[in-house]
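# model the following, please.
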Amino acid sequence: MAESNSNPMQQQQPASTSAPPPAPESQIPGPRASRLIQVFDQALARTLRANSYSNFAGCFPTPARHVPASLESVWRQLNAKLEEGAKAEFEEIIAEREAVKHINELDRLVAEARIRKDSEGESGNEPQPGNAPHTLGAEDLYKAHLTPYLQEAQATLNGTEIGD
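Residues are numbered from 1 along each chain as shown. Got it, this is the predicted structure:
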């Protein structure tokens, strides 16, 4: 009876020898997502460098004097745990919020906008000069939105004779 439960790993199916399927394209970090990860890694590295052994030992002068090797071991473990925890939490947030997918979508939209802008310039279809909507006042925006409806209503009224 003890033999049957001694190695539960033997009861599992053998792992597939084929390569895992490639990650979906939205999960492969694009330029912005790669930069976000790089900035996080750099910030974490700077944080860990700022937590030097001399600073740490200054907080614990008695152990630093009597058992410096043990204190250094504790400092190394603390830094390792800090790094491990920060990376795990960052990866969890990235996965939970689907940040790579959304940042890649932003990259795609920016690329499409650049292509449209470039194709407008090449085809001679320069953007029409005018006022950008964010520069208009409230009354101008109000009129701009209502003018088509008011014109339609006016045309309907002009086509209908009152008093028939």
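# C-alpha from now on. contacts and neighbour counts both.
Fine.
# elements contacting the longest helix along the chain?
For the chain, the longest helix by residue count, based on DSSP state H, is helix 68-96. Applying 3 or more Cα pairs under 8 Å, 6 or more residues apart in numbering; DSSP states H and E, we find helix 68-96 packed against helix 31-50, helix 53-59.
# confidence score at Gly121?
For Gly121, the pLDDT comes out at 71.
# show me what the helix or strand containing it is packed against.
Following DSSP states H and E, one finds Gly121 within helix 99-122. With contacts defined as 3+ Cα pairs under 8 Å, 6+ apart, the secondary structure elements packing on helix 99-122 are helix 31-50.
# show me what counts as buried in the helix it packs on.
33, 36-37, 41, 44 (16 or more other Cα atoms under 10 Å).
# can you check stretch 82-96 too?
Here stretch 82-96 shows Glu83 as buried, counting by 16+ other Cα under 10 Å.
# can you list contacts of it?
Taking Cα atoms under 8 Å, 6 or more residues apart in numbering as the criterion, the residues outside stretch 82-96 that touch it are 44, 48, 100.
# so who does the spatially most central residue of the chain touch?
Per Cα atoms, centre = their mean, the C-alpha nearest to the average position across the chain is that of Ala99, at 3.3 Å. When contacts are counted by Cα under 8 Å, 6+ apart, Ala99 is found next to Ala33.
# elements contacting whatever helix or strand Thr62 lives in?
Using DSSP H and E, Thr62 maps to helix 61-66. Secondary structure elements in contact with helix 61-66, counted by 3+ Cα pairs under 8 Å, 6+ apart, are helix 53-59.
# list the contacts of the helix it packs on.
Counting by Cα under 8 Å, 6+ apart, the neighbours of helix 53-59 from elsewhere in the structure are 63-64, 71-72, 75.
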